[in-house]
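Student: With the sequence up front, the predicted model follows.
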Amino acid sequence: MPLIPWDDDIYSVHIAELDLQHQKIIQLVNDLHDGVMAHKGKEELDKIFDNLVENFRLHFITEEALMLSYGYPGLRDHKRQHDEFSAQILGLQKQLKTGQFAVGAQMRDFLRNWVIVHIRATDQQYSHFLRGKGLQ
């Protein structure tokens, strides 16, 4: 069973491009969970984590560009949340590369909690606004 099962009723922002990106991020968090549970090696877990970091980066760029393009009034606060999370995750990535930290349950839980809260609360706020502007 996945750590975060995708459920349209819970996670969908009803904007196809963003839903696909969210699904990919959730799948990577699930892959990380599966790797931790299966005691996969450092190299494989690092690869999944690097892919996850890159998907977050691309997703944040997409979201922020759409919010800017459509004049979303909450862009500043939303971007601040992205920036704070990005600093945290890039710090973890650096620690992984230097051997100061290992992918494990603590990191998996941090990612799971952030993804769930961010999509279910923060992203739902722009969803209503952008859909009201005709974005699907």
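Tutor: Now that the structure is in, tell me what you want to look at. Numbers count the residues shown, from 1 in each chain.
Student: I'd like the next helix or strand past the helix or strand in which residue 80 is found.
Tutor: For residue 80, the host element (DSSP states H and E) is helix 75-97. The element immediately downstream of helix 75-97 (helix or strand, assigned by DSSP H and E) is helix 105-117.
Student: quick one: contacts of that next one?
Tutor: Residues outside helix 105-117 that contact it (CB atoms under 8 Å, 6 or more residues apart in numbering) are 3-4, 25-26, 29, 32-33, 36, 49, 52, 85, 89, 92, 101. C-beta here means a position set from N, CA and C on the backbone, and glycine is covered the same way.
Student: still on that earlier bit, so what secondary structure elements neighbour the helix holding residue 80?
Tutor: With contacts taken as 3 or more CB pairs under 8 Å, 6 or more residues apart in numbering; DSSP states H and E, helix 75-97 sits against helix 42-70, helix 105-117.
Student: buried stuff in it?
Tutor: 75, 78, 81, 82, 85, 89, 92, 93, 96 (16 or more other CB atoms under 10 Å).
Student: Next: stretch 2-20.
Tutor: 3, 4, 11, 12, 13, 15, 18, 19.
Student: For it, give the mean pLDDT please.
Tutor: The average pLDDT for stretch 2-20 rounds to 95.
Student: This completes my enquiry, with thanks.
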